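1. Sharing a model that was predicted from the sequence below.
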Amino acid sequence: MGLDKIKIYRFISETTNEECEAVIEMEYKMKRISLSWFHILIVVATFIFTFAKGQVEPDYIVPSPILLGGGLGSQTEPKPEIIAYQLVPGQDNYCHFEIQIIDAFGWTEIPEAQRFETKEIVEDRIVFEETNPWAVNEIFYIDEKGYFLLRIPFQGYEW
């Protein structure tokens with residue numbers, strides 16, 4: 001099932017002075033794309049199981065991206081609190097950098113004494129992650145609450 005195109009060339013022969021006609025028939029074959037019902041069914045099923053979540057969690061486990069709140073154990077584990085920090089150039093001759101923790105909303109819920117202890121533990125964890133590159137981007141726990149450290153580059157101004 002190709003498209004046929006006919007080209008006709010008319011000319012006068014130099015040797016016989018007769019009018020000649022050359023007919024050239026060209027055939028163009030186009031690639032035919034066909035989608036079967038099976039392919040369409042697979043696409044529809046993928047969209048349904050990926051994007052459409054029902055009212056009740058299914059009994060089977062369907063892995064989904066971690067950042068979207070799905071995945072294994074998402075029903076039992078709360079999401080970790082993200083703590084942003086910067087390494088600011090220090091004014092001290094002995095320490096070249098100071099750790100500046102950007103206070104989040106979760107810090108106001110913690111009592112003052114516990115906040116001080118938690119801040120010290122977080123600072124120790126920042127030092128640990130900066131000195132051990134294999135330990136970066138891991139969730140750590142303080143009092144059974146998950147925390148995740150996020151380093152923000154120093155742009156020349158403090159928060």
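-> Yes, it's here.

2. can you tell me the helix or strand for Phe148?
-> When elements are defined using DSSP states H and E, Phe148 is found to belong to strand 145-151.

3. Each with direction, which strands does that strand pair with?
-> Sheet partners assigned to strand 145-151 using DSSP bridges are listed as strand 81-89 (parallel), strand 140-142 (antiparallel).

4. Check which residues of the shortest one are buried.
-> Going by neighbour count (16 or more other C-beta atoms under 10 Å), the buried part of strand 140-142 is Phe140. No exception for glycine: its C-beta is placed from N, CA and C like everyone else's.

5. Give me the contact list for it.
-> Thr118, Ile121, Val122, Arg125, Gly146, Tyr147, Leu149 (C-beta atoms under 8 Å, 6 or more residues apart in numbering).

6. Return the residues in contact with the last one.
-> Right, the one you point to is Leu149. With contact set as C-beta under 8 Å, 6+ apart, Leu149 has these partners: Ile83, Tyr85, Val122, Arg125, Ile126, Glu129, Asn137, Phe140.

7. for this protein, what spans make up the helices?
-> Here the chain has its helices, by DSSP state H, at 37-51, 112-131.

8. weakest of these by average pLDDT?
-> Summarising mean pLDDT across the helices of the chain, the least confident stretch is helix 37-51, with a mean of 79.
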